[in-house]
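Just need the structure, nothing else, for what follows:
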Amino acid sequence: KLSMTDFVADFGFDSTAKKVYSKTVEHTNPAIKLAITEQPSAKAALVQTTPWIFYQYPDLFEIQGSKYRFELVGYQAKKFTGLQITKDPGVNIVWIGSTMIVVGITLSSFIYHRRLWAKVIPNEGGVTVHIGGNTHKSQIDFQKEFRKLTERIKTLET
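Numbers count the residues shown, from 1 in each chain. Here you go, the predicted structure:
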């Protein structure tokens with residue numbers, strides 16, 4: 001009589017607990033445990049053995065007291081995926097926050113603050129205008145724009 005009683009995908013043995021376990025879910029070192037009951041001869045008593053048979057090491061252990069040799073010649077592992085479906089109610093808040101951060105960084109790269117001051121002082125022949133300005137980024141572009149602005153103001157008539 002022969003039956004398979006256990007299967008492990010990646011054979012491991014805990015010597016302290018004296019237990020067989022599967023180290024991983026990957027089929028790297030598969031093994032099966034058999035329950036063999038046989039009677040070597042008509043007058044002999046029944047012999048029961050429970051050996052482990054390894055796929056990659058078929059001749060690792062010889063089954064004592066058996067006239068048969070067992071070998072695991074093939075098996076087909078079940079296919080599985082690592083995908084997991086979950087419901088996370090806070091994920092929209094995370095996406096909104098991430099989008100706000102990206103938009104903010106983008107805007108801070110392309111938009112810069114400029115400050116302009118103008119002081120108009122009336123005098124006998126017209127007005128005197130004092131203009132000043134400040135920027136945190138793009139100093140060269142600001143200088144060009146500031147020059148254009150002052151040239152336009154000089155051409156204005158009162």
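
quick one: what helix or strand has residue 149 in it?
For residue 149, the host element (DSSP states H and E) is helix 139-155.

Check what contacts that helix and list those residues.
114, 116, 129, 131, 133, 135 (CB atoms under 8 Å, 6 or more residues apart in numbering). (Glycine included, C-beta is placed from N, CA and C.)

next one: stretch 57-73
So stretch 57-73 is contacted by 30-32, 34, 36, 38, 40, 47, 49, 51-55 (CB under 8 Å, 6+ apart).

Could you check the pLDDT of residue 117?
If you check residue 117, the pLDDT there is 91.

just checking, it touches residue 132?
Yes. Counting by CB atoms under 8 Å, residue 132 is a contact partner of residue 117 at 4.6 Å.

pLDDT and distance to residue 85 added to the contacts of stretch 57-73, as TSV?
As requested, the contacts of stretch 57-73 are exported to TSV (pLDDT from 0 to 100; distance: CB to CB, whole Å):
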residue	pLDDT	distance to residue 85
30	86	29
31	86	32
32	83	32
34	85	38
36	80	43
38	79	49
40	67	55
47	69	50
49	77	45
51	81	41
52	83	36
53	81	37
54	81	36
55	80	33
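
so of these, which ones are in helices?
Judged by DSSP state H, the contacts of stretch 57-73 include no members of helices.

what are the phi and psi values for residue 118?
phi -140, psi 130 (degrees, to the nearest 10).

which one is it nearest to, not counting chain neighbours?
Leaving out its chain neighbours, the residue that sits closest to residue 118 by CB to CB, 6 or more residues apart in numbering is residue 131, at 5.1 Å.
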